[in-house]
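S.K.: sequence unknown, structure follows:
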């Protein structure tokens, strides 16, 4: 004789879509957080460096002496 357990709930299409959106939401939130952090690092580095890293002057003050 074989004992059969209680019936389980059927998985519907709505359940599958809800789980897929949950996983997509987690991935999207992680990517958004990473992008904001990386953007903040770039803004911080840009604001703490001279415009022209070769001589420390701004690019507007550098003359090309073309004439």
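M.R.: Yep, that arrived. Small disclaimer: the values here were computed from a predicted structure and weren't measured.
S.K.: average pLDDT across the helix or strand where residue 45 lies?
M.R.: Assigning secondary structure by DSSP states H and E places residue 45 in helix 13-47. Averaged across helix 13-47, pLDDT comes to 90.
S.K.: If we go by neighbour counts, what in it is buried?
M.R.: Of the residues in helix 13-47, none are scored as buried under the neighbour-count criterion (16 or more other C-beta atoms under 10 Å). For every residue, glycine as well, the C-beta is placed using N, CA and C.
S.K.: Tell me how far that helix lies from the chain's centre.
M.R.: For helix 13-47, the distance from its own C-alpha centre to the chain's C-alpha centre is 5 Å (C-alpha atoms, centre = their mean, to the nearest Å).
S.K.: do stretch 32-50 as well
M.R.: In terms of C-alpha atoms, centre = their mean, the centre of stretch 32-50 is set 12 Å apart from its chain centre.
S.K.: quick one: residue 25 and residue 19, what's the gap?
M.R.: As judged by C-beta to C-beta, to the nearest Å, residue 25 and residue 19 stand 11 Å apart.
S.K.: cool, and residue 47?
M.R.: Following C-beta to C-beta, the distance that separates residue 47 from residue 19 is 43 Å.
S.K.: just to revisit the earlier point, tell me what the helix holding residue 45 is packed against?
M.R.: Identification of packing neighbours for helix 13-47 by 3 or more C-beta pairs under 8 Å, 6 or more residues apart in numbering; DSSP states H and E yields no helix or strand.
S.K.: For residue 12, what are phi and psi?
M.R.: phi -100, psi 170 (degrees, to the nearest 10).
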